[in-house]
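# predicted model and sequence follow; I will ask about them next.
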Amino acid sequence: CIRDRLTGQGNDMIIIQKLPVNSGQFNDMTAVSIPGGIAFCSDRRVSGVVNNKTFEGDRIYNIFFAEKKDSMKWGRPGIFSKDLQSVFTQGPFSFTPDRQQIYYTSDVERGRSAFRSDFRNSSGILIADRIPGGWSEPRPFEYNDPLWNMGHPCISTDGKLMFFSSDIPGGSGGSDLYMCRWEAGKWSEPENLGPVVNSSSSELYPFFSPSGDLYFASDRNGGYGGLDIYRSRMREEGWTKPVLMPEPINSAADDFGFFTEAKANEGFFASNRDRTDDIYMFSSLVK
């Protein structure tokens, strides 16, 4: 079973490779497969002139696309959609199964007050619809809260579940993972995944695989260091105890943003083990 190999103690059957789409100088992360290539987040320059930063000096992320030309060759990354590009951060993100909607992390306040140097914005989830020739103006997720942070959305491949991370009150620690269910044409109120999955530290970057595994990053004690990637499985009685992914997927650096296809024998994750956040591709020798 590939999944067992990836969560066991041995790591000699896992191969990782840094993707050539990485900028080297800037941060690249949270790659997902889409038709023709991958979409990912990066705070690289969008032009030779524009170098957007927040008032706090943080770089602004945009969503990029890189064409996959063959198994080892990738095209030059470019902006995924200029309709989504703005002076606010875009991403991490998730598409609905039909790819007619994109949910992405951005700033909650986008009006005039957001441009004041003394204003401290919160992150939330925005939703844009596919329209002829591009994407619609984004609208806020109904459970955004201007006082707290919410982001890193992940929609299940059947469209029935959405996971995200938030520091809203009532959680176990810095930020917890939550889940909404698609019921009667709308998302149910968020439910905390509980103390089996969440900890007194922070849980971030959830990804729910087609096989029913929840992958996420956490800086809890007991890992390799920094953020580490864990896996839990959804069962009728609740979530299984999270299992720490092995090396070389995890390392002493920050490792996060895990993505895999249905067979779970290859995918992507991000890590700053080589100075900046970079996207790595992993594959298992067990097929």
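Here it is on my side, so go on.

# low-confidence stretches in this protein?
Within the chain, the ranges that satisfy pLDDT under 70 run 1-12, 47-57, 109-121, 264, 285-287.

# which parts of it are helices?
2-7 (DSSP state H).

# need the contact list for residue 261.
Contact analysis of residue 261 by C-beta atoms under 8 Å, 6 or more residues apart in numbering lists 33, 210, 267. All C-beta spots, glycine's among them, are computed from the backbone N, C-alpha and C.

# find the nearest non-adjacent residue to the first one, please.
So that's residue 33. residue 261 (6.6 Å; C-beta to C-beta, 6 or more residues apart in numbering).

# next up, phi/psi of that neighbour, please.
Backbone geometry at residue 261, expressed as degrees, to the nearest 10, gives phi -90, psi -170.

# look up the residues forming beta bridges with the closest residue to residue 191 other than its chain neighbours.
Leaving aside its chain neighbours, residue 191 sits nearest to residue 179 (5.5 Å; criterion: C-beta to C-beta, 6+ apart). Legend: beta-bridge partners of residue 179 under DSSP bridges are residue 163, residue 191.

# any idea how far residue 179 is from residue 284?
According to C-beta to C-beta, to the nearest Å, residue 179 and residue 284 sit 28 Å apart.

# now residue 32
19 Å.

# residue 89 too?
33 Å.

# more neighbours, the two?
residue 89 (23 against 17; other C-beta atoms under 10 Å).

# correct me, but that one touches residue 124?
No. Counting by C-beta atoms under 8 Å, residue 124 is not a contact partner of residue 89; they are 11.0 Å apart.

# mutual contacts of those two, please.
105, 106, 107.

# just name the closest of those to residue 159, please.
Checking the shared contacts of residue 89 and residue 124 against residue 159 with C-beta to C-beta, the nearest one is residue 105 at 19.2 Å.

# just checking, the closest one touches residue 153?
Yes. Using C-beta under 8 Å, residue 105 makes contact with residue 153 at a distance of 7.0 Å.

# pull up the overlap in contacts between these two.
The contact sets of residue 105 and residue 153 overlap at 92, 93, 125 (C-beta under 8 Å, 6+ apart).

# so can I have a markdown table of those residues showing neighbour count?
Below are the shared contacts of residue 105 and residue 153 laid out as a markdown table (neighbours: other C-beta atoms under 10 Å):
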| residue | neighbour count |
| --- | --- |
| 92 | 28 |
| 93 | 27 |
| 125 | 24 |
